[in-house]
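> Sharing a model that was predicted from the sequence below.
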Amino acid sequence: MSRSLKLYITGLVSVSVFALILTSFVFASRTDSDFVAGIRSSISIVEGSKAPIDLWLGIGFWTLLTLFAGALPVKMPRGSLVSVSMAPIIAAFSLGGPVAGGIVALVGSTEVRELRGRIPWYGTAANHAGLVLPAVVGGLITELLRGGSQEEWVVFVSTIVGAAAFYLLNTGATSLIVAMRSGQSFALVALGDFQGTYVNSLALAPLAWLMAQMYSVGWWASLLFALPLYTTRVAYNRFVEMRDMFTQTIGALAEAVDKRDPFTSKHSQNVKLIAVDIGREMRVSASELEALEWGGLLHDVGKIGVPDSVLLKSDRLTREERMQMNAHPVLGAQIIAPVTKLAPELPIIRHHHEWYNGSGYPDRLIGDEIPKLARILHVADAFEAMTAQRPYRMTPLTAEQALNELRKFAGIQFDPVVVDAFVRTPWVQGVSDPGRREEPRQIPLIGQAANRMTQATASRGIASGSASSSASADQA
Ligand SMILES: [Fe+2]
Ligand SMILES: [Fe+2]
């Protein structure tokens, strides 16, 4: 575990404990008739009873519901666990105030895996604190807005606002931990994992309010809502399954394209990884990172329509063959166009061979006319192609040689800003970078392969950093 993650978890746990204790003291000193020992008597298992045993039985009831609701969490694609346990916690703080909500969250968030010792202590602490603090804050906001009112609409509105605060804090705390642990960006985890569930989660807030309302009829009446809670959980699961299936299908399609040529196996997968790393350095949005992931996998899907005689040719391509080869971005975009979910990836696929100076294809776009994500993918594609073995270049370029080429053709073939961002990624960490030197240096002869590439590209008037201009090299 990293030092920053340790610090964060320690801070989160300390703040949560402090918030729960402080709120207990403040509410315990309340003298209004509604509160007994800091807990609102509405949570009592027997309507109207203020006996401590009835209050604790009420808290026990909501804790049990939380335990059951949390027993079947759904693992989201980026690694967060989502469950429907927020509903009974919200109901608990709506009925019993922030202290009751905090206690229900503290005990109710216990997992079987914890009891079996499968989660390290810091994971356990973080999971509990990630629910206790939001429950206390959500409960406090609900209380403040409610201000002692018994009006139903006031209770409803205050519960919903408290639930929103609970949801935002819980999502934020959880996403930050997953992001720090996995090295993904916070926005990517928060938006990636929760954008498919927030509508369902928002629906849990009124459901929690309804459960709290029914509780005054009898504790058993709240159990009627176990079914909607279960169906919500099923909906989460379906969402994750569908998304996984989609990602796996795209991966399989990319693999099928790469497998046609033994020299390009894993090309799309590697291009995806490099493109995402550049995207992170350029601080693109979470949805753009996702587009880079899927666009990276699918950028060469149009090669399905390129005949083997052209795709696998190791000699120089004829003019006609080159035209067939260069049609793959347009073909790829046509293949993907009917998939509405992949609309953001279309410009990446169509324009990943455009050159910064306008001499690329298919539309000869110049500079910023080329979509940003396509400019990112172009650099990733070129670096991967140069550093991988090809039939026309059995010895791949080293990372340093490939970086030299990228620097050399920044502003010509590549967007210089993207190349600068690429230099900061782990792919070229510790590699000497000509772009950092003040004096331009004569680039040494870098082996037959690079020499061939430069010669071939020079014949077009513009040298190429990717293998794209050499004889049959546009197989990148
Ligand atoms: Fe391509
Ligand atoms: Fe490629």
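Perfect, I can see it now. Ligands and ions are numbered 1, 2, ... in the order given.

> hey, what's Phe414 bridged with?
Ala410 (DSSP bridges).

> Run a quick neighbour tally on the residue of the stretch 301-450 of the chain found nearest ligand 2.
In the stretch 301-450 of the chain, the residue that lies nearest ligand 2 is Asp381 (4.3 Å; CB to the ion). Using the backbone N, CA and C atoms, a C-beta is placed for each residue, glycine as well. Counted by other CB atoms under 10 Å, the residues lying close to Asp381 total 26.

> That one contacts His352, correct?
Yes: counting by CB atoms under 8 Å, Asp381 does reach His352; the two are 6.1 Å apart.

> shared neighbours of those two, anything?
With contacts taken as CB atoms under 8 Å, 6 or more residues apart in numbering, the residues that reach both Asp381 and His352 are His299.

> hmm, back to that, may I see the buried residues of the helix or strand harbouring the residue of the stretch 301-450 of the chain closest to ligand 2?
Secondary structure from DSSP states H and E places Asp381 in helix 372-386. Within helix 372-386, the residues that count as buried by 16 or more other CB atoms under 10 Å are 372-386.

> And stretch 390-399, end to end?
Taking CA to CA, to the nearest Å, the first and last residues of stretch 390-399 lie 15 Å apart.

> Is that stretch in proximity to ligand 2?
No: using CB under 5 Å from the ion, we find that stretch 390-399 stays clear of ligand 2, coming within 11.6 Å at best.

> average pLDDT for that stretch?
Per-residue pLDDT over stretch 390-399 has a mean of 80.

> how about that stretch: buried residues?
Neighbour counts over stretch 390-399 (16+ other CB under 10 Å) mark Arg390, Tyr392, Arg393, Pro396, Leu397, Ala399 as buried.

> pretty sure the fourth one contacts Ala385?
No: proximity of Pro396 to Ala385 does not meet the contact threshold set by CB under 8 Å, at 9.2 Å.

> Spatially nearest residue to the closest residue to ligand 2 within the stretch 1-150 of the chain, not counting backbone neighbours?
Nearest residue of the stretch 1-150 of the chain to ligand 2: Pro77, at 24.7 Å (CB to the ion). Nearest non-adjacent residue to Pro77, counting by CB to CB, 6 or more residues apart in numbering: Arg243, 5.7 Å away.

> still on that earlier bit, got the confidence number for the residue of the stretch 1-150 of the chain closest to ligand 2?
Value for Pro77, per-residue pLDDT: 71.

> separation between it and Ser285?
Between Pro77 and Ser285 the computed distance is 17 Å (CB to CB, to the nearest Å).

> ditto for Leu72
Taking CB to CB, one finds Leu72 at 32 Å from Ser285.

> if we can go back for a sec, and of the buried residues of stretch 390-399, the nearest to Ser24?
Nearest to Ser24, judged by CB to CB, of the buried residues of stretch 390-399 is Ala399 at 58.0 Å.

> so that closest one makes contact with Trp427?
Yes: between Ala399 and Trp427 there is a contact at 7.0 Å, judged by CB under 8 Å.
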